[in-house]
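Colleague: structure for the following, please:
(one chain, ligands or ions: 1)
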Amino acid sequence: MITGGGTGIGARTAHLLAEHGADVVLAGRKPGPLEETAASVVATTGRQAIVVPTDVRKADDVQELVRRAVEHYGRLDILVNNAGGAYMFPLKDTPPDRWANAVDLNLTSAYLCSWAALPHLLESPAPAIVNISSAAGVQGVKGGAAYSAAKAGLQMFTRVAAAEWGPRGVRCNAIAVGGVASEGAVRSWARFGETPETMGGHVALRRVGYPADIAQGVLFFVSPMSGWVSGQTLPIDGGPILAGGMTDEALWAED
Ligand SMILES: NC(=O)c1ccc[n+]([C@@H]2O[C@H](COP(=O)([O-])OP(=O)(O)OC[C@H]3O[C@@H](n4cnc5c(N)ncnc54)[C@H](OP(=O)(O)O)[C@@H]3O)[C@@H](O)[C@H]2O)c1
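Modeller: Numbers count the residues shown, from 1 in each chain. All right, here's what the predicted structure looks like:
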């Protein structure tokens, strides 16, 4: 089950997990992108895909999502809490409703989905939850106080859920995503004069991320390759550029 599964990182993750044998449930608010991604998953992988329009901020919607998923497949093994988004505004222009929306969307949603899914995950032979957090939840981002705080909270939720549910076999991990050129992110960067090219310049590997980079991390966390890993947040962000020290020119100069 992948929330925000119709677009960007969620859609790419749906394809990759289906390529590796998963039948998928795609949740999000707009039916159009969900249907399109589901059709593409079925056509390219031969696996099943169902769509459940859901607002992950609403507890009743989330209960219905889990009910429909289990009704259709009879089981639930993997939950990817990917729905989310950064609405950027200065902290001084953040009234309580904007703050609450960012937290509902980027933190409480993962709790609602995990809590609703838990009884079914406990029946699975290899249950795994992956929470899509952000580099903003590690280092913070100006204009994203609520988003950064919510994504940092998501990392701690991951840790505590892993500790509480690990004895019953449920693994729970997170990914701290760096700048990934999903359509939504590219549109948002344009407001601050950034492009995929300039974003790539901010990281060690000197390229922007793509949804496939994050999908690979999700695959790792739901596969036996990470069978003894839980409670962790893995940065997938193109690596660090360190302030100060020698310049690139000096580091790579010929003697
Ligand atoms: N791209 C980046 O640079 C970046 C960096 C760090 C973290 N992330 C995180 O990665 C995740 C995926 O982002 P993305 O880059 O792939 O952007 P995206 O394509 O905009 O994906 C966000 C998805 O969440 C869904 N969504 C939003 N509000 C929802 C709601 N209330 N209920 C249900 N679904 C909702 C959207 O579908 P609907 O609008 O149809 O509901 C959409 O499919 C997000 O959690 C984001 O914070 C992204």
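Colleague: alpha carbons only for contacts and neighbour counts from here, please
Modeller: Fine.
Colleague: just give me how far stretch 243-255 sits from the chain centre.
Modeller: With C-alpha atoms, centre = their mean, to the nearest Å as the basis, stretch 243-255 stands 35 Å off its chain's centre.
Colleague: output it as PDB, nothing but the C-alphas.
Modeller: Taking Å, rounded to 0.1, in the frame of the first residue of the first chain, the C-alpha atoms of stretch 243-255 are listed here in PDB:
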ATOM      1  CA  ALA A 243      31.500  24.000   4.100                       C
ATOM      2  CA  GLY A 244      35.100  25.300   4.200                       C
ATOM      3  CA  GLY A 245      38.200  23.300   3.600                       C
ATOM      4  CA  MET A 246      39.900  22.900   0.200                       C
ATOM      5  CA  THR A 247      38.000  23.800  -3.000                       C
ATOM      6  CA  ASP A 248      37.200  21.200  -5.700                       C
ATOM      7  CA  GLU A 249      39.900  22.800  -7.900                       C
ATOM      8  CA  ALA A 250      42.500  22.400  -5.200                       C
ATOM      9  CA  LEU A 251      41.400  18.800  -4.300                       C
ATOM     10  CA  TRP A 252      41.600  17.700  -8.000                       C
ATOM     11  CA  ALA A 253      44.500  19.700  -9.200                       C
ATOM     12  CA  GLU A 254      47.400  17.800 -10.900                       C
ATOM     13  CA  ASP A 255      50.700  18.100  -8.900                       C
END
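Colleague: could I get the average pLDDT for that stretch?
Modeller: Averaged across stretch 243-255, the pLDDT comes to 92.
Colleague: what does stretch 142-157 give?
Modeller: 98.
Colleague: next one: stretch 109-125
Modeller: 98.
Colleague: what segments of this structure are helices?
Modeller: Using DSSP state H, the helices of the chain run over 8-19, 31-45, 59-73, 96-103, 109-121, 136-139, 145-165, 183-190, 196-200, 211-222, 248-252.
Colleague: got the angle between the fourth one and helix 145-165?
Modeller: What it means is helix 96-103. Going by axes from the mean of the first three to the mean of the last three C-alpha atoms, to 10 degrees, helix 96-103 is angled at 40 degrees with respect to helix 145-165.
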